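Peer 1: curious how this folds, go ahead:
(2 chains)
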Amino acid sequence: SQTIHQWPATLVQPVGSPLSLECTVEGTSNPNLYWYRQAAGRGLQLLFYSVGIGQISSEVPQNLSASRPQDRQFILSSKKLLLSDSGFYLCAWEPEAFFGQGTRLTVV
Amino acid sequence: QKEVEQNSGPLSVPEGAIASLNCTYSDRVSQSFFWYRQYSGKSPELIMSIYSNGDKEDGRFTAQLNKASQYVSLLIRDSQPSDSATYLCAVTGGANNLFFGTGTRLTVIP
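Peer 2: Below you'll find the predicted structure:
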């Protein structure tokens, strides 16, 4: 069966520090992968999606970037975090957006 | 810009009643529609999908789709306290994307 792993579950980072969140998928090949952010009390915002290795599409301009170095690995990064980057980050794969457990990021 | 609108609630219903959750969307090209349940602090989980006009039933859940009116709804029969959660509506856009509403918070009162 297909599973999706995200880590870490919780992260507290100072403003200006770098960020790296990793997502891996098992049990499927060539998945479409997505990064979403959910700010407190708000809806899911699509940040990036990828249809294959090295193929990244960005939905909104922001302080974040994404990479897909392997078929089943999707990484979300930032060089310098902002307070506004705080939120619940979710990795998902289609067909109907099965989500990982998420990473709750607090920037202090 | 794809828009998915939901009443943020909170919606409160007594245990055993029918909860009705509504969603409208702006993109007439959307072909697939989904409902997710999200418990506080957890990631969303898919509970229903619907692709054609009409009703689709799965246990206590019924999804209803009206593409002409750009409207999709979720009915929860015999609501239970464990159904208390935020319900997210999502629709497909172009390029394999899903667009989510902000969610409706449902509280089932014992």
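Peer 1: can you tell me the centre-most residue of chain A?
Peer 2: A:Trp35 (3.7 Å; Cα atoms, centre = their mean).
Peer 1: which parts of the chain are helices?
Peer 2: As the question left the chain open, I've gone with chain A. Using DSSP state H, no helices are found in chain A.
Peer 1: tell me which residue in it sits closest to chain B.
Peer 2: Nearest residue of chain A to chain B (Cβ to the nearest Cβ) works out as A:Gly43 at 3.6 Å. C-beta coordinates here come from the backbone N, C-alpha and C atoms, glycine included.
Peer 1: give me phi/psi at the residue lying closest to that residue once chain neighbours are set aside?
Peer 2: Leaving aside its sequence neighbours, A:Gly43 sits nearest to B:Thr102 (Cβ to Cβ, 6 or more residues apart in numbering or on different chains; 3.6 Å). Torsion angles at B:Thr102 (phi, psi; degrees, to the nearest 10) stand at phi -80, psi -10.
Peer 1: wait, B:Thr102 touches B:Ser8, no?
Peer 2: Yes - the criterion here is Cβ atoms under 8 Å, and B:Thr102 meets it with B:Ser8 at 6.0 Å.
Peer 1: the two: which is more packed in?
Peer 2: Each of B:Thr102 and B:Ser8 has its neighbours counted (other Cβ atoms under 10 Å in any protein chain shown); B:Thr102 has more, 18 against 14.
Peer 1: quick one: contacts for the more buried one?
Peer 2: A:Arg42, A:Gly43, B:Gln6, B:Ser8 (Cβ atoms under 8 Å, 6 or more residues apart in numbering or on different chains).
Peer 1: OK, contacts around the residue of chain A closest to chain B?
Peer 2: B:Leu88, B:Phe100, B:Gly101, B:Thr102, B:Gly103.
Peer 1: low-scoring stretches of the chain, by residue?
Peer 2: Because you didn't say which chain, this covers chain A. For chain A, residues meeting the criterion pLDDT under 70 lie at A:61, A:95.
Peer 1: switch to chain B, please.
Peer 2: Ranges of chain B meeting pLDDT under 70: B:1-2, B:94-96.
Peer 1: could you rerun that using 80?
Peer 2: B:1-2, B:8, B:28, B:93-97 (pLDDT under 80).
Peer 1: residues from it in reach of chain A?
Peer 2: B:32, B:34, B:36, B:41-46, B:49, B:88, B:90, B:95-103 (Cβ under 8 Å from any Cβ of the partner chain).
Peer 1: excluding chain neighbours, what is closest to A:Lys80?
Peer 2: Closest to A:Lys80 by Cβ to Cβ, 6+ apart is A:Gly16, at 5.0 Å.
Peer 1: all strands of chain B, in order?
Peer 2: B:4-6, B:11-14, B:19-25, B:33-38, B:45-50, B:54-58, B:61-66, B:71-76, B:85-92, B:98-100, B:104-109 (DSSP state E).
Peer 1: interface residues of chain A facing chain B?
Peer 2: A:32, A:34, A:36, A:42-44, A:46, A:49, A:51, A:57, A:59, A:90, A:94, A:96-102, A:104.
Peer 1: please pick the buried ones from those residues.
Peer 2: Listed as buried from the residues of chain A next to chain B are A:32, A:34, A:36, A:43-44, A:46, A:49, A:59, A:90, A:94, A:97-100, A:102, A:104; burial here means 16 or more other Cβ atoms under 10 Å in any protein chain shown.
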